[in-house]
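>>> A structural model of the following input is requested.
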Amino acid sequence: MTRYRADVLDELKRFGMLPTAETPPELVREQLNDLYCYELRRLRDRRRAGEFPKHEYADRVRRLREKYRLLSRPLWTWIERE
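This is a model prediction of the structure:
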């Protein structure tokens, strides 16, 4: 049984993710990473389509990375220790 830290659950809620105690942290991280990769590809495609100038791309990627900062934390910090 997994007990997620409150700050991790708050971050995950921002993405519409509400893992239960039975949801493995590895699965949650994988799903969050998939969402991040999707948003990165979408951003790249928008730049290629000319929706914003190329010089803004790096800053937009940086902001997206900040939005998904939970992915930079080790998985063991996502759960409460018993």
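>>> secondary structure element for Leu40?
Leu40 is part of helix 25-48, with elements assigned from DSSP states H and E.
>>> what's next to that helix, contact-wise?
Counting by C-beta atoms under 8 Å, 6 or more residues apart in numbering, the neighbours of helix 25-48 from elsewhere in the structure are 2, 4, 12, 15, 17, 19, 52, 54, 57, 60-61, 64, 68, 70-71, 75, 78-79. Bear in mind the C-beta positions are built from the backbone N, C-alpha and C, glycine included.
>>> as a whole number, average confidence for the helix or strand just after that helix?
Counting by DSSP H and E, the element after helix 25-48 in chain order, helix or strand, is helix 57-67. pLDDT averaged over helix 57-67 equals 98, rounded to a whole number.
>>> oh, and call the first residue 23 from now on, that's how I've got it
Let's use 23 as the start, then, which means that last one is helix 79-89.
>>> Which neighbouring elements make contact with helix 79-89?
helix 47-70 (3 or more C-beta pairs under 8 Å, 6 or more residues apart in numbering; DSSP states H and E).
>>> Thanks a lot, see you next time.
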